[in-house]
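> only geometry, no sequence info:
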């Protein structure tokens, strides 16, 4: 079987094999490119006051517990804290994807918003579906996608390479053997 035919075969069937994971990765990737431009995807960072964290962890927890959307009863309900001293805020991300932004000095609630970017990122890397899906579907699909890229580049340049070889062959045939 010729290399170009094998390449087309790999390219055709590989693209069918990764169609669903690829569309999930491409769509979520496009959405993630817009996360800083859209408050719907990721809440914009509010501007707080001060640059030193003067709140204790207990105070941060107490304020987060006052926000009903966050559904924070204790530290087990908090996914992470994101301290931004330059902006004067602490972001409290609850496990239900609500984000509470607090002033680092006063503890005032500056903003409460639903954060979709983490969900979209989990779709993008396949971990949303399960860890086995991430490793046994999305990882192989990524490898096949890389192979498709290489075969696609080859298929793109292959006619140009063939024309060049044909032109060079014609030139060498038309040149008399003794002359240069």
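That came in fine, so what should we check first? As the structure is a computational prediction, the values presented were derived from the model and not from experiment.

> which residues in the chain form strands?
Ranges of strands within the chain are 78-84, 89-94, 98-103, 109-114, based on DSSP state E.

> what residues go with each domain of the protein?
For the chain, automatic domain parsing gives the domain ranges 1-40+124-161, 43-115.

> so can I have CSV of those domains showing mean neighbour count, mean pLDDT and distance to residue 168?
The way it works is simple: take the backbone N, C-alpha and C, and place the C-beta from them, glycine included. Formatted as CSV, those follow (neighbours: other Cβ atoms under 10 Å; pLDDT from 0 to 100; distance: least, Cβ to Cβ, whole Å):
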stretch, mean neighbour count, mean pLDDT, distance to residue 168
domain 1-40+124-161, 14, 90, 11
domain 43-115, 16, 92, 59
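
> between those domains, which gets nearest to residue 174?
domain 1-40+124-161 (20.6 Å; Cβ to Cβ).

> measure residue 62 to residue 164 for me?
Look at residue 62 and residue 164: by Cβ to Cβ, to the nearest Å, they are 73 Å apart.

> Check residue 57 too.
Taken as Cβ to Cβ, the span from residue 57 to residue 164 is 68 Å.

> cool, residue 14 as well?
27 Å.

> Between the two ends of stretch 90-109, how far is it?
Stretch 90-109 stretches 10 Å from its first residue to its last (Cα to Cα, to the nearest Å).

> oh, I was asking about stretch 119-131
Termini of stretch 119-131 sit 15 Å apart (Cα to Cα).

> Now find how far off-centre that stretch is within its chain.
When C-alpha coordinates are averaged (Cα atoms, centre = their mean, to the nearest Å), stretch 119-131 and its chain have centres 10 Å apart.

> Name the residues that touch it?
Applying Cβ atoms under 8 Å, 6 or more residues apart in numbering, the contact partners of stretch 119-131 are 21, 24-25, 28-29, 31-32, 35, 41, 97, 133-134, 137-139.

> nearest to residue 116, of these?
Sorting the contacts of stretch 119-131 by how near they are to residue 116, with Cβ to Cβ, puts residue 41 at the top with 5.2 Å.

> Provide the backbone phi and psi angles at that closest one.
phi -80, psi -50 (degrees, to the nearest 10).

> Isn't it up against residue 116?
Yes - Residue 41 lies in contact with residue 116 (Cβ atoms under 8 Å); the separation is 5.2 Å.

> Test my guess that residue 148 contacts residue 17.
No - counting by Cβ under 8 Å, residue 148 sits too far from residue 17 to count as a contact (9.6 Å).

> Average pLDDT for stretch 164-172, rounded please.
For stretch 164-172, mean pLDDT is 89.
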